[in-house]
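A.B. asks: 3D model of this:
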Amino acid sequence: MKKLVVIVLGIGLIIALTFMAMNLKTSSKITDTSLIAFAIEDTATVSRIDIYDSYTNQDYTLSRNEKGIWVGEDEQCVQQNIVQMMLETMNKITLKGYVPKAAMSNMKKILMAQHKTVKIYQNGKWSKTWYVGHSTQDHMGTHMLLETPDLKSDNPVIMGMKGFYGILEPRFFADSRRFACINLFSYKRTDLKEVEVINRVAPKNSYLIKINGPDNISVSSQENLMTNINKDNLTFYLNGFENINFNQPNFTLSKHQIDSIKSTYPDYELNIQAKQSSYELDLYRRLDPEYDPKDTLVYDENYLWGVQPNGVLVRMQYYSVGPLIQGKTVFESIGQ
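C.D. replies: Here you go, the predicted structure:
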């Protein structure tokens, strides 16, 4: 009888141990899965993104407004495509591999010393935080850590993105200038009342266009009425004032250099009067960075500096603004 009791107890103990082991194994799997669950399945629920960059000690917050449009701090207009790039990364992120045990300690130190913190809110509530670190040696993966309201990973893993070959860290930044909308102005031809270009590089190419109606347009240059105007080309020129953008914010000039530029007369002035608003853009030629101004003075053929009405200096492309300040080459009929 005693032997039977011992056997039954032994079998019971084996069953209990087996059950506990299975539970531990299952729990381990759940934990492992949770620690790599970076992805956001429905990015439409993402309502806010807080970004902190330890490399530059900058932070920035993006949020959806009531209309579903992403805005920056103080309702700053931001480029929607940049935010969409971040949301795409959140949706398509995937595990690339695990950090070798021998390298784990060093990787943790490096990641904690320098990383980008991406705090994600869904439907107004904090959902996940990504700690985005440095790339792998082959630049095909990114070391990352995950934190959620329920857990925080201690060991980094290597993450990538479906359909993308490269590192994820550059997709997140906290410099407000990189988010800012690049649009300057947009005027339809039918809304324009007056366009003035002051050209101090070649004063003879300055002009003033007054529009009193589709068939009542006058063009003058240096206070002299111009009669040799190609009307079709003038219409083409006036159609070019829609969707004018700058190339990028100023990332190179110091405040002293900016003040020095503003203290001089602009090389070009573009003054626009429309039915509902006006716009004034001052333009300065930009020294070609490939040449030392001490040796020779060469101006950049691709870019100018532009000063907006609010005083902010930005980099302009000749491609976008050049046709607007060189109008005489478009609508003036030579030889007539």
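
A.B. asks: wait, residue 91 touches residue 40, no?
C.D. replies: Yes: between residue 91 and residue 40 there is a contact under CB atoms under 8 Å: 5.9 Å. For every residue, glycine as well, the C-beta is placed using N, CA and C.

A.B. asks: comparing these two, which residue is more hemmed in?
C.D. replies: More neighbours sit around residue 40 than around the other of residue 91 and residue 40, counting by other CB atoms under 10 Å; the figures are 19 against 15.

A.B. asks: ranges for the helices of this protein?
C.D. replies: Remark: helices of the chain, listed N- to C-terminal, are 2-35, 80-92, 101-113, 176-179, 231-238, 255-262, 318-325, 328-331; assignment by DSSP state H.

A.B. asks: which of the ones you listed comes out lowest on mean pLDDT?
C.D. replies: Mean pLDDT across the helices of the chain is lowest at helix 2-35; the value there is a mean of 48.

A.B. asks: check the gap between the residue lying closest to residue 180 once chain neighbours are set aside and residue 176 for me.
C.D. replies: Spatial nearest neighbour of residue 180, excluding adjacent residues (CB to CB, 6 or more residues apart in numbering): residue 249 at 6.1 Å. For residue 249, the distance to residue 176 under the criterion CB to CB, to the nearest Å works out to 9 Å.

A.B. asks: what do you get for residue 185?
C.D. replies: 21 Å.

A.B. asks: same check on residue 111?
C.D. replies: For residue 111, the distance to residue 176 (CB to CB) stands at 25 Å.

A.B. asks: would you map out the domains in the chain?
C.D. replies: Annotated domains of the chain cover 43-179, 183-331 [automatic domain parsing].

A.B. asks: mind checking which of these is nearest residue 36?
C.D. replies: Comparison of those against residue 36 by CB to CB identifies domain 43-179 as nearest, at 5.0 Å.

A.B. asks: return the distance of stretch 97-113 from the chain's centre.
C.D. replies: Using CA atoms, centre = their mean, to the nearest Å, the mean C-alpha position of stretch 97-113 is found 30 Å from that of the whole chain.

A.B. asks: next: stretch 263-271.
C.D. replies: Between the centre of stretch 263-271 and the centre of its chain there are 28 Å (CA atoms, centre = their mean).

A.B. asks: repeat that for stretch 151-159.
C.D. replies: Going by CA atoms, centre = their mean, the spacing between the C-alpha centre of stretch 151-159 and its chain's C-alpha centre is 27 Å.

A.B. asks: go on, stretch 210-220?
C.D. replies: Using CA atoms, centre = their mean, the offset of stretch 210-220 from its chain centre is 40 Å.

A.B. asks: residues contacting residue 235?
C.D. replies: The contact partners of residue 235, taken as CB atoms under 8 Å, 6 or more residues apart in numbering, are residue 189.

A.B. asks: swap in residue 221?
C.D. replies: For residue 221, the contacting residues are 204-208, 328, taking CB under 8 Å, 6+ apart as the criterion.

A.B. asks: I figured residue 77 hits residue 176, correct?
C.D. replies: No: if you go by CB under 8 Å, residue 77 and residue 176 don't touch, sitting 11.2 Å apart.

A.B. asks: who has more neighbours out of those two?
C.D. replies: Neighbour tally, residue 77 and residue 176, criterion other CB under 10 Å: the higher count belongs to residue 176, 17 against 14.

A.B. asks: that one - nearest residue in space that isn't next to it in sequence?
C.D. replies: Distance criterion CB to CB, 6+ apart; nearest residue to residue 176, sequence neighbours excluded, is residue 60 at 5.7 Å.

A.B. asks: tell me how far the spatially closest residue to residue 311 that is not a sequence neighbour lies from residue 182.
C.D. replies: Counting by CB to CB, 6+ apart, residue 311 lies nearest to residue 262, which is 7.7 Å off, once chain neighbours are set aside. To residue 182, residue 262 is 21 Å away according to CB to CB.

A.B. asks: residue 211 now?
C.D. replies: Shown here: residue 211 relative to residue 182, a distance of 27 Å by CB to CB.

A.B. asks: noted, bye for now.
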